[in-house]
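S.K.: Could you look at this predicted model? Sequence included:
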Amino acid sequence: MRCHPLAARRLLVIAPHPDDEAIGAWGLMRRRRVGASVRVIVVSDGAASHPGSLRWPPERLATERRRETRRAMATLGLAPSAVRFLGLPDGVLDMARVEEALRQAMRRCPAPDLIVGPLATDAHADHRAVARAISRLPRRGERRIGYQVWPAVAARRRGPCVSLGMAGTRMKRRVIHGYRTQTGRITDAVAGFTITPAHLRAFAAPLEQFEILA
């Protein structure tokens, strides 16, 4: 019997930055069945989101973003040990380096039966690098699906998609807003990223949509 595309006993969510795990797959992780395991790998350190901040230099920012991710995942009942941070440099992710880091990290955890990661069409270069790195990982019988955070960089024919209804839309919005370094806490950066109300509405839409990857 063929299983549902979103069913998993051992789910692995791969995030380019600390917060993409919640934006891309919070609802999917929340709906896991009793006894199913969830692991999260965050690829970059997230330290480039607010360049020029004196109060939040890169090391402090990276440390806080790890804390934010752990707190967000705790709302799903995930222990800190279920989240692994690779700490690669934010904003300049290299596909080959990401691939090697993911290979090493995945050797240390049970083989997943479903991998969730960013799509290679995402407008953010780091997301595309992670997506390409995942595509180069040897398959071990698992299924793979992808999520889109930012608009596609170019139009293309999409593969088959599957959607997940979000019963906890308000809760997901609160969780994303809890990444406070990304929602207005840092005010002294030369150029900084802030999740706007429009972003929040898009990130916590009534549906999480995933593309089924061949």
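M.R.: Arrived safely, thanks for sending. Note that the structure is a prediction, hence the values are computed from the model and not measured.

S.K.: Mind listing residues that contact the longest helix seen in the chain?
M.R.: Longest helix in the chain, counting residues (DSSP state H): helix 58-74. Helix 58-74 is contacted from outside by 17-19, 21-22, 26, 29, 40, 42, 45-50, 53, 56, 80, 82-83, 85, 87, 90, 175-176, 178-182, 186, using C-beta atoms under 8 Å, 6 or more residues apart in numbering. (Glycine included, C-beta is placed from N, CA and C.)

S.K.: Pull out the buried residues from stretch 82-95.
M.R.: 82, 83, 84, 85, 86, 88, 90, 93, 95 (16 or more other C-beta atoms under 10 Å).

S.K.: One more: stretch 76-83?
M.R.: Those would be 76, 78, 82, 83, for stretch 76-83 by 16+ other C-beta under 10 Å.

S.K.: Look up how far residue 124 lies from residue 152.
M.R.: As for residue 152, its distance to residue 124 is 11 Å (criterion: C-beta to C-beta, to the nearest Å).

S.K.: can you pull out the helices in the protein?
M.R.: 20-30, 58-74, 95-107, 125-135, 169-177, 197-203.

S.K.: In JSON lines: the ones you listed, plus mean pLDDT and distance to residue 191.
M.R.: Converted to JSON lines, the helices of the chain look like this (pLDDT from 0 to 100; distance: least, C-beta to C-beta, whole Å):
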{"stretch": "helix 20-30", "mean pLDDT": "97", "distance to residue 191": "20"}
{"stretch": "helix 58-74", "mean pLDDT": "98", "distance to residue 191": "14"}
{"stretch": "helix 95-107", "mean pLDDT": "97", "distance to residue 191": "25"}
{"stretch": "helix 125-135", "mean pLDDT": "98", "distance to residue 191": "16"}
{"stretch": "helix 169-177", "mean pLDDT": "95", "distance to residue 191": "21"}
{"stretch": "helix 197-203", "mean pLDDT": "95", "distance to residue 191": "17"}
